[in-house]
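A.B. asks: no sequence for this one, just the structure:
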């Protein structure tokens, strides 16, 4: 079915570049996801507590500006954002190609999305519980750290996996413009040089990774959620 | 002591302004179990939430132990709230914390060290009769058990006042009784002042010494429970005490007697016994009684005979029954 040379090529790729590509893919997935949460978590919390009638009401113009910023960043297609942000990558890591260059655009693309995910997770926390904490004299800061985030923990873990898998997909896409990892193998060999076998192999590998992330995530959520008997 | 002075609360909603509370004056003494009763929409919940300023009054003052809550800074208010416990209809426990950790929560807020907090939480679990549920998560507890944990949590910071916002409304009658018993015990043993918000008369009858009737955002009458319930003066009071008030007014010449069953009386046919043994015939005008485990709870309104001596004999008989309080109702 496939030419002998193509099988040889696949074998060569597996032997020489696969482990490195796998490492790059994992790096391009986990590092931006964690960084996106570092920015997105406080932002998402702010979107809930800063509302009128929230735990820590903020000026209305500030909330509007925050929402607008998030919406604008979320409406730019990732591939376009990637190109727009590349000069920033040159500034930060000194290059516009490779795995490291792709980190900054990934974080910028992901944190507004993460902020929204965090926002919906925090909104799920029962308002009555927040009220009970207020009746006990909890400060806004204590409510965030001791009530909102711990009570939303299962939803936050679940949404962390959603973000991780989305960023994983972005990372593979970045292979098209010089990003590294398994995505690049798929694009370079499969698309540019028309070697379908290599492409299928890379895609199957991506599928397996997503399945793995999701099932680990499900298990973590189940373990973390004390509402499950 | 809680003093509420000229308190009003207006909500601004999309449909216009809603006056939830109008010019409320109320005084709750130390050691009271004070009932605030009213139908839904009367403003009871808003009123109790004004007592710890979860709801900011539009006008008026709230004083707890002489401290004017309405004049405090946010930081001072948080401090003051630590001496006002509150429990809720929906329990509002932290779902991701065990019973013990829930009780530790207010202590953590107050900066109590962990070993000390856990020791105190265990004592409180003991007090609410749940010593073996320390490591249970709320989802593993029944409604009554959740409310017990919530009570323990509310008491952790040793408050002088416990506010109960429809705390038994989500519970079945048997559990309701047990929770009310617990509140009475805490009032007696710890001296904590209890404010009970409810729409159920039997809750007030069972534990309160004083009651205020709230209707249309105003306090219609207030006083000792026995007085208010036996001789309601306001329209709202009459509606509440005499469930079918209008029908009763058809018989103005009859004197009425209101029986309250506090659970100590065995289920026995009082009216039939009076007829059979004393030859006195009484009309049952209204009854709202429940039998649980062979005991009767609730209340009944009877019409006394026209004849004065017969009426006096009937009253004498009724007053001698254990577990029944008989009060004549003036019209």
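C.D. replies: Received it, and whenever you're ready, just let me know what you need. On a predicted model such as this, the values are computed, not experimentally measured, just so you know.

A.B. asks: tell me how many other residues crowd the residue lying closest to residue B:261 once chain neighbours are set aside.
C.D. replies: If the residues on either side of it in the chain are set aside, residue B:261 comes closest to residue B:296, at 4.3 Å by CB to CB, 6 or more residues apart in numbering or on different chains. The way it works is simple: take the backbone N, C-alpha and C, and place the C-beta from them, glycine included. By the other CB atoms under 10 Å in any protein chain shown criterion, the neighbourhood of residue B:296 contains 21 residues.

A.B. asks: assumed residue B:296 was part of a strand.
C.D. replies: Yes. Counting by DSSP: H, G, I helix; E, B strand; the rest coil, residue B:296 is part of a strand.

A.B. asks: so what pairs up with it in the strands?
C.D. replies: Each beta-bridge partner of residue B:296 is listed here, defined by DSSP bridges: residue B:291.

A.B. asks: quick check: it touching residue B:287?
C.D. replies: No. Because the distance of 10.5 Å does not satisfy CB atoms under 8 Å, residue B:296 is recorded as not touching residue B:287.

A.B. asks: so the residue nearest to residue B:19 when sequence neighbours are not counted, which state does it fall into?
C.D. replies: Counting by CB to CB, 6+ apart, residue B:19 lies nearest to residue B:10, which is 5.2 Å off, once chain neighbours are set aside. Using three-state DSSP, the secondary structure recorded for residue B:10 is strand.

A.B. asks: which residue packs closest to residue B:24, ignoring adjacent ones?
C.D. replies: With CB to CB, 6+ apart as the criterion, residue B:24 has its nearest non-adjacent residue at 4.3 Å, and that residue is residue B:7.

A.B. asks: and the host helix or strand of that neighbour, what does it pack onto?
C.D. replies: Counting by DSSP states H and E, the secondary-structure element that holds residue B:7 is strand B:2-13. Contact here means 3 or more CB pairs under 8 Å, 6 or more residues apart in numbering or on different chains; DSSP states H and E; on that basis strand B:2-13 packs against strand B:16-28, helix B:44-51, strand B:59-64.

A.B. asks: picking that back up, what's the pLDDT at the residue nearest to residue B:24?
C.D. replies: What the model reports for residue B:7 is a pLDDT of 95.

A.B. asks: the one 3 residues further on now?
C.D. replies: The score at residue B:10 is 94. That number is its pLDDT.

A.B. asks: okay, the helices and strands packed on strand B:2-13, which one's buried deepest?
C.D. replies: Here the criterion is mean neighbour count by mean count of other CB atoms under 10 Å in any protein chain shown, and of the helices and strands packed on strand B:2-13 the winner is helix B:44-51, at a mean of 23.

A.B. asks: could you check whether that one is close to chain A?
C.D. replies: No. Contact between helix B:44-51 and chain A, assessed by CB under 8 Å from any CB of the partner chain, is absent, since the two come no nearer than 8.6 Å.

A.B. asks: relative to strand B:59-64, how tilted is that helix?
C.D. replies: Calculated by axes from the mean of the first three to the mean of the last three CA atoms, to 10 degrees, helix B:44-51 forms an angle of 70 degrees with strand B:59-64.

A.B. asks: can you pull out the helices in chain A?
C.D. replies: Taking DSSP state H to define them, one finds helices in chain A at A:4-16, A:18-49, A:60-75, A:78-93, A:99-123, A:127-135, A:140-142, A:149-151, A:153-173, A:182-185, A:196-224.

A.B. asks: where does pLDDT dip in chain B?
C.D. replies: In the prediction, chain B carries residues with pLDDT under 70 at positions B:243-254, B:263-267, B:290-295, B:297, B:330-331.

A.B. asks: and the longest helix for it?
C.D. replies: Longest helix in chain B, counting by DSSP H: helix B:173-190.

A.B. asks: so the closest residue to residue B:48 other than its chain neighbours, which state does it fall into?
C.D. replies: Nearest-residue entry for residue B:48: residue B:197, 4.7 Å, with adjacent residues in sequence omitted and distances by CB to CB, 6+ apart. Reduced to three states with three-state DSSP, the structure at residue B:197 is strand.
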